[in-house]
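Asks: how does the following fold in three dimensions:
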Amino acid sequence: CCSCSTSAVSLEMEAALYKECKSMSITYITICHRPALKAYHVHNLNLTGDGEGGWEYTQIDQSKVHARVAAASAEGEDQLREKHLAARSKSYSHMEDVSSADLKERSSMRKLMMLLKIAVPGSEKKLGLLVAGIIGRTLCHEAYSRVVGGLYNAVITRNIGKFALFALINVAQDLFNGCVEEGVVLMQELVGIAWYQRLTKHCTDRFFAGSNFYCVKNIDKRISDVDQRLTKEVVDLSKEFPKMFASAVTPVFDVLWFTGRMVSLLGVVGMIPFYLYIGATFAVSKFLMPNYEALFTKEQELESDYRFCQTRLRNHAESVAFFGGDEMEHKIATSFFEKLVDHQYIVRRKTAEFKFFLHCINKDFKSYSNNVSTPEIVTILMQMIYARRHALDSMADGTAGVLASSTFYVRSAVIRTVESFGQIFDLY
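Replies: Down below sits the predicted model:
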């Protein structure tokens, strides 16, 4: 069995070797990539490489082979091989090398618009239901504020019947809120599946059209991980983008709704302290926020360098050991690791400093163990503004329960709006 055994000898020596094997009645099998060797064989076994163990076993037409060998001897095998390759690559001749200088970098907004243009068509109904569910979330919180306000009113007025009624309504509303929340999650999943189908079809159609699969790998070469992008990254994008869409729309609608409700209760002048607080915190947070994109990009690059160092050592372990390079490799690996750890300390320190500032301006209202912070003070201030505005009316007609219910509603609206602004800051 010969595996490319004649690739390092001349054509004359190659012919002599096979002639000698034939004179000695030696049955030989040659594994080769040169078609010229068919002249010394009678059968050809071709492994098709289709991933299913396919193969072809044919008899060699010696007349065609001898004609080609004669042409090769007259013209030279190298020139004949060049002609063969040129003819085989004729279908790719229209593809030219793409110069990076001729390419225009698209902005993030343009990339997003192109992505939506591809993914959205065909999923409008599902997106509409998703938006309806998001609006339903806000309306559920509106109803919750009013129902709990009614409970406050019933307690102050000592009305047991009203208290029992609002308690039952609260239980029913909790069940309805659960249905709305699960409906939003379900619609996110369905939108993700629809976008996954659209994006995968679009990418595969472009990849296999006009021999682009060859151009991407051998001519363009800007994308080296097409298989990963067509499989894992498209799946991750389709799964996470609907969640990002819901996370972006929900706080915006909450802010618009509850801000409008508070303006109707407090008036534009009464909302001035709230607007000043939101504007000041937004400006200061933008000024103090670290450049997370640059920090995490550098961290990924350093992790990649350290991982490459280990991979290179594994692949060349024999050479490193033979030439005694273990000490140098140790220094290189230690240097990469120290750079990575130093950068991780910087990222964690800046993140901790920024989160300390966020804790001062954005209270987690769901955690009762938190101390009173600036948002809590703003919430109490808005309640006081409402109470001062309506206290005389309540004392005149004896509706203290209504005042308590309304101040609770103001508190709930302020909390929801502050949380929504915090989500918008985190997202944008």
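Asks: so what's the spatially most central residue of the chain up against?
Replies: Closest residue to the average C-alpha location of the chain: residue 237 at 4.4 Å, with CA atoms, centre = their mean. Residue 237 makes contact with 195, 199 under the criterion CB atoms under 8 Å, 6 or more residues apart in numbering. Where C-beta positions appear, they are placed from N, C-alpha and C, glycine not excepted.
Asks: so where does it fall, helix or strand?
Replies: Per DSSP states H and E, residue 237 falls inside helix 234-270.
Asks: distance between that helix and the chain's centre?
Replies: Relative to its chain's centre, helix 234-270 lies at 22 Å (CA atoms, centre = their mean, to the nearest Å).
Asks: list the buried residues for it?
Replies: Buried residues in helix 234-270, counted by 16 or more other CB atoms under 10 Å: 234, 237-238, 241-242, 245-247, 250-251, 253-255, 257-259, 261-262, 265-266, 270.
Asks: just checking, next helix/strand downstream of that helix?
Replies: Beyond helix 234-270 on the C-terminal side, the first helix or strand identified by DSSP H and E is helix 272-288.
Asks: what residues sit buried inside that following helix?
Replies: 274, 277, 278, 281, 285.
Asks: do the same with stretch 185-200
Replies: 187, 188, 190, 191, 192, 194, 195, 196, 198, 199.
Asks: which of those fall within helices?
Replies: Counting by DSSP state H, the buried residues of stretch 185-200 place 187, 188, 190, 191, 192, 194, 195, 196, 198, 199 in helices.
Asks: read off the pLDDT value for the third one.
Replies: As summarised for this prediction, residue 190 has a pLDDT of 91.
Asks: now it. Nearest residue, chain neighbours left out?
Replies: Closest residue in space to residue 190, ignoring its immediate chain neighbours: residue 126 at 5.2 Å, by CB to CB, 6 or more residues apart in numbering.
Asks: distance of that neighbour from residue 184?
Replies: The spacing between residue 126 and residue 184, counted by CB to CB, to the nearest Å, is 12 Å.
Asks: flag the shaky bits of this protein, pLDDT-wise.
Replies: 1-9, 51, 65-106, 213-214, 217-225, 360-373, 391-401, 426-428 (pLDDT under 70).
Asks: rewinding a little: give me the neighbour count for the residue nearest to residue 190.
Replies: By the criterion of other CB atoms under 10 Å, residue 126 has 21 neighbours.
Asks: what helix or strand is it on?
Replies: helix 124-157.
Asks: in terms of secondary structure, what does that helix contact?
Replies: In terms of contacts (3 or more CB pairs under 8 Å, 6 or more residues apart in numbering; DSSP states H and E), helix 124-157 is packed against helix 160-207, helix 234-270, helix 400-427.
Asks: what's the closest of those helices to residue 345?
Replies: Nearest of the helices and strands packed on helix 124-157 to residue 345, taken as CB to CB: helix 400-427 at 23.4 Å.
Asks: would you mark the buried spots in that closest one?
Replies: 401-425.
Asks: between it and helix 124-157, how big is the angle?
Replies: Per axes from the mean of the first three to the mean of the last three CA atoms, to 10 degrees, the angle that helix 400-427 makes with helix 124-157 is 140 degrees.
Asks: which neighbouring elements make contact with the host helix or strand of residue 334?
Replies: Using DSSP H and E, residue 334 sits in helix 326-361. Counting contacts by 3+ CB pairs under 8 Å, 6+ apart, helix 326-361 packs against helix 272-288, helix 292-315, helix 374-397.
Asks: which stretch among the ones you listed comes nearest residue 335?
Replies: It is, among the helices and strands packed on helix 326-361 and with distance given as CB to CB, helix 292-315, at 8.9 Å.
Asks: the closest one versus helix 326-361: what angle between them?
Replies: Using the same axes, to 10 degrees: helix 292-315 against helix 326-361 is 160 degrees.
Asks: just to revisit the earlier point, okay if I get the helices and strands packed on helix 124-157 as a markdown table plus distance to residue 380?
Replies: A markdown table is the format used below for the helices and strands packed on helix 124-157 (distance: least, CB to CB, whole Å):
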| stretch | distance to residue 380 |
| --- | --- |
| helix 160-207 | 24 |
| helix 234-270 | 14 |
| helix 400-427 | 8 |
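Asks: among those helices, which is nearest residue 386?
Replies: Closest among the helices and strands packed on helix 124-157, once you apply CB to CB, is helix 400-427, at 4.9 Å.
Asks: re earlier: would you mark the buried spots in the helix holding residue 334?
Replies: Those would be 329, 332, 336, 340, 343, 350, 358, 361, for helix 326-361 by 16+ other CB under 10 Å.
Asks: my guess is the fifth one meets residue 301, correct?
Replies: No. Judged on CB atoms under 8 Å, residue 343 makes no contact with residue 301 at a distance of 9.3 Å.
Asks: much appreciated, bye for now.
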